[in-house]
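Peer 1: Sequence first, then the predicted structure, then my questions.
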Amino acid sequence: MIASVLPNIRSVDKSFSYNVPTEFIGDDRLRVGTKVRVEFKNRKVDGWIVNLDQSINLADGLKPLLKLLSYGPSPEVVELARLAATKWVGSESYFLSIATPKTQIRELNPALRKTRKASVEIDLGSTQGEILNHIEKGLQAGLFSFLFRLPPAMNHLWLVVAFWKLVNKNSVTNKKVIVIVPTQNSLDLVDGYLKKYPLKVARFPHDFKELLAQNSDINIILGNRSASFVPVPEDEIGGFVVFDCEDDALIEESSPSWNACEVVNMRSQSLHVPSVLVSSCPTLRQQSLFKQFKVGRHIEVSGWPKTVVLDIKDEDPHEAPFPKTLINSINSSSGLSYVVWNKLGGKKLLSCTKCSSLILDTACDGPMEKVSVDGQDLLRCRLCNSERLPFCQNCGGAKLKVLQKGSKALAYDLQTLLGSKKRVDDMSLVCESTDVIVGTLHIANLNRKASLISWLDFDQSLFAPDWKSSEIVLSYLAKLARLVGPRSNPDSGILFIRTAYCDHPLVEALVKGDPDVFFDQELRRRKVFGLPPFREIATIKGQSGTAISDYIKELESSDKNIEIAGPSDDGMFQLKADSMHDLSELFKKYPKPKFVKVAIGGRW
């Protein structure tokens, strides 16, 4: 028998043939996906079996497998890793590592075949019933991917149990539902909710050994981004649920910048099982890929929070960033208050000392930064690289300042203003007696309810140097909305937004409780500038010099309809193409050098 083995070396993208020793024949671990030890270029390395050829016993000149190390990914995940490596310009071994246990598993616990006999009852309202009917009708019509836009205040967790019942409705054996969430706090929240039901829950990758076993009695599999590659036997997968599918945490930050939602969609289509994406504000790209289901307008509007907009232009400069309205509200608040000051988002953002307006590009609303060109001081847009003289586009003032202050210093300032009436702590010093928590946007991932939330440096995140910064801000607003509660409840808290751009479509959408107000405007802007979902983006970075310049010239010579802009000050190039397929084909035709990193979607 001949085994094709892919070495666990990021720079090696091809498999090599090895003889399978006779003593390994009959071992249950001898299967596609198993992690093995082999000799490769005079050294011993780990790798994965990616193919087994039983038509040949032994071949002359081939080295033997040295050891069967551990159970690994299923054959379906091995193929998935190959497709993902092509799509996101990465190595196949990188994706196989995600689906491989960190500790070696040499034997599996014998699992009894268990039929789906868990009795689960769940009460559903009319809206929940409508959602399930939509999934059932879609499956009957041959659809497998579903996108639901539900308001922040609506409890989403019921969908896990209801969806599990749906996929097991006509199944004799237990079908597993894989639930993916962006953060650890979300994972704990879902896990705590499921304890109310007689369902067996496993976490990925913690319960790896149980997940690999055939016919295990696990009902629900929980995990973060990496759970999209969970190596469950393909005939036991019932479907996928992804909560907060718009969250950037579901996208890998490093290269390759793969997206868990798209991996789920790939598996859903290949296995013909349903996948359900849930969000209060799905991205425009997700809306273009999937047919979106929205609840009634009244339900959606009432599910967003009561919002108060604090206009920076109307406040006393000596009170900034704590206007009297906000201080009075914090003092009168009976519950916990959150103050968001995102220190990391405040670097290099300029404002006018005269009118407090942010210094933005008049064409694309991108943030400007000071640069020196041939000895002349200019402003350069960090999104489109356009340049102009250093002045305020609002009042014409020439005196500009950099906005930069940390959340810890802000907590001290706020404590001074409030005195002994309230205890103010930053996120690292929170205790039971804390009345006000000052912190970065990590506050949005907490599970403690609040009676008041104020986002003081809202504009710094809204105009960050990222083409999807507005979508990211809307995602955080949806999370903050859950902490204060819906506007339909008189006991809910209030969300304060401090901004100099009260007429921005995103601010208007939040006040009205209607995300479409923002999406309609943003869609028109992206069409003008050729941004997703109209065109796809890749960001390329590497060591500056002749080598990367030569590679960029190779890409420009392609017959694909592409645009390349750059380099930026930090040596990055932005590439636009008509589709994700064109990007994959481009990098397949022109393989990137070792020193070059590529982020599909312009992550950096």
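Peer 2: Yep, that arrived. Residues are numbered from 1 along each chain as shown.
Peer 1: just so I have it, where are all the strands in the stretch 401-550 of the chain?
Peer 2: All strands of the stretch 401-550 of the chain, identified by DSSP state E, counting those that start in this stretch, fall at 424-426, 436-439, 452-455, 494-499, 536-542.
Peer 1: hmm, who's touching the first one?
Peer 2: Under the criterion Cβ atoms under 8 Å, 6 or more residues apart in numbering, residues 407-408, 411, 414-415, 418, 431, 434-439 lie in contact with strand 424-426. For the C-beta atoms, the positions are set from N, CA and C on the backbone; glycine is no exception.
Peer 1: Among those residues, name the buried ones.
Peer 2: 407-408, 411, 414-415, 418, 434-439 (16 or more other Cβ atoms under 10 Å).
Peer 1: wait, which of those residues is closest to residue 378?
Peer 2: Distance to residue 378, by Cβ to Cβ, is smallest for residue 407 among the buried ones among the contacts of strand 424-426, at 31.8 Å.
Peer 1: how about residue 553, phi and psi?
Peer 2: Here is the backbone geometry of residue 553 (degrees, to the nearest 10): phi -60, psi -40.
Peer 1: Same check on residue 148?
Peer 2: Dihedral angles for residue 148 - degrees, to the nearest 10 - are phi -120, psi 130.
Peer 1: Just to check, it is in contact with residue 281?
Peer 2: No - under the criterion of Cβ atoms under 8 Å, residue 148 makes no contact with residue 281, lying 11.9 Å away.
Peer 1: So for the two, which sits in the more crowded spot?
Peer 2: residue 281 (26 against 22; other Cβ atoms under 10 Å).
Peer 1: contacting residues for that one?
Peer 2: By Cβ under 8 Å, 6+ apart, the contact set of residue 281 is 149, 246, 471, 474-475, 477-478, 515.
Peer 1: Regarding residue 240, what is its secondary structure?
Peer 2: When classified by DSSP: H, G, I helix; E, B strand; the rest coil, residue 240 comes out as strand.
Peer 1: if we can go back for a sec, which one of the contacts of residue 281 is nearest to residue 56?
Peer 2: residue 246 (49.8 Å).
Peer 1: Touching, that closest one and residue 473? I think so.
Peer 2: No - counting by Cβ under 8 Å, residue 246 does not reach residue 473; the two are 11.2 Å apart.
Peer 1: Going by neighbour count, list what's buried in the helix or strand harbouring residue 45.
Peer 2: Assigning secondary structure by DSSP states H and E places residue 45 in strand 43-53. For strand 43-53, burial by neighbour count (16+ other Cβ under 10 Å) applies to 45-50.
Peer 1: now those as CSV including distance to residue 69 and pLDDT?
Peer 2: Output for these, formatted as CSV (distance: Cβ to Cβ, whole Å; pLDDT from 0 to 100):
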residue, distance to residue 69, pLDDT
45, 11, 95
46, 7, 95
47, 9, 95
48, 10, 95
49, 11, 95
50, 15, 94
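Peer 1: now the strands of the stretch 401-550 of the chain as TSV including mean pLDDT?
Peer 2: Shown next, in TSV, are the strands of the stretch 401-550 of the chain (pLDDT from 0 to 100):
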stretch	mean pLDDT
strand 424-426	87
strand 436-439	92
strand 452-455	96
strand 494-499	96
strand 536-542	87
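Peer 1: residue ranges with poor pLDDT in the stretch 451-600 of the chain?
Peer 2: The stretch 451-600 of the chain contains residues with pLDDT under 70 at 543-547.
Peer 1: so how far is stretch 267-285 from its chain's centroid?
Peer 2: Chain-centre distance of stretch 267-285: 13 Å, with Cα atoms, centre = their mean, to the nearest Å.
Peer 1: Average pLDDT for that stretch, rounded please.
Peer 2: For stretch 267-285, mean pLDDT rounds to 95.
Peer 1: what's the first-to-last distance across it?
Peer 2: Terminal residues of stretch 267-285 are spaced 19 Å apart (Cα to Cα, to the nearest Å).
Peer 1: do stretch 582-595 as well
Peer 2: OK, stretch 582-595 end separation, Cα to Cα: 22 Å.
Peer 1: Flag every buried residue along it.
Peer 2: Buried residues in stretch 582-595, defined by neighbour count with 16+ other Cβ under 10 Å: 582-584, 586-587, 592.
Peer 1: For stretch 308-326, which outside residues touch it?
Peer 2: Taking Cβ under 8 Å, 6+ apart as the rule, stretch 308-326 contacts 341, 355-357, 410, 413-414, 417, 454, 456-457, 459, 494-500, 502, 507, 511.
Peer 1: Can you get me the start-to-end distance on that stretch?
Peer 2: This stretch, stretch 308-326, spans 10 Å end to end (Cα to Cα).
Peer 1: Repeat that for stretch 359-379.
Peer 2: Terminal residues of stretch 359-379 lie 9 Å apart, using Cα to Cα.
Peer 1: Could you dump the contacts of strand 424-426 into CSV and include distance to residue 377?
Peer 2: Formatted as CSV, the contacts of strand 424-426 follow (distance: Cβ to Cβ, whole Å):
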residue, distance to residue 377
407, 31
408, 32
411, 35
414, 35
415, 39
418, 41
431, 48
434, 45
435, 45
436, 40
437, 40
438, 35
439, 35
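Peer 1: Pick the one among those closest to residue 257.
Peer 2: residue 439 (26.7 Å).
Peer 1: can you count the residues close to the nearest residue to the closest one once chain neighbours are set aside?
Peer 2: Excluding the flanking residues, the one nearest residue 439 by Cβ to Cβ, 6 or more residues apart in numbering is residue 427, at 3.6 Å. By the measure other Cβ under 10 Å, the count of residues near residue 427 is 17.
Peer 1: do residue 314 as well
Peer 2: 10.
Peer 1: State the pLDDT value of it.
Peer 2: Looking at residue 314, its pLDDT reads 89.
Peer 1: again, but for residue 94
Peer 2: Reported pLDDT for residue 94: 93.
Peer 1: Confirm that it sits in a helix.
Peer 2: Yes - assigned with three-state DSSP, residue 94 falls within a helix.
Peer 1: who are the neighbours in contact with it?
Peer 2: Residues counted as contacts of residue 94 (Cβ under 8 Å, 6+ apart) are 10, 85, 256.
Peer 1: residues touching residue 200, list them.
Peer 2: Contacts were defined as Cβ under 8 Å, 6+ apart; by that measure residue 200 touches 217-220.
Peer 1: Could you pull up phi and psi at the most centrally placed residue in the chain?
Peer 2: Nearest to the geometric centre of the chain sits residue 250, at 2.4 Å (Cα atoms, centre = their mean). Main-chain torsions, residue 250, degrees, to the nearest 10: phi -80, psi 0.
Peer 1: secondary structure class for the nearest residue to residue 566 once chain neighbours are set aside?
Peer 2: Using Cβ to Cβ, 6+ apart and skipping residues adjacent in sequence, the residue nearest residue 566 is residue 573, 3.6 Å away. Secondary structure assignment for residue 573 (three-state DSSP): strand.
Peer 1: wait, isn't residue 573 in contact with residue 564?
Peer 2: Yes - with contact defined as Cβ under 8 Å, residue 573 counts as touching residue 564 (5.8 Å).
Peer 1: Mind checking which of the two has more residues around it?
Peer 2: Between residue 573 and residue 564, residue 573 has the larger neighbour count (other Cβ under 10 Å), namely 21 against 17.
Peer 1: Pull the contacting residues for the more buried one.
Peer 2: Contacts for residue 573 (Cβ under 8 Å, 6+ apart) come out as 539-541, 552, 564-567.
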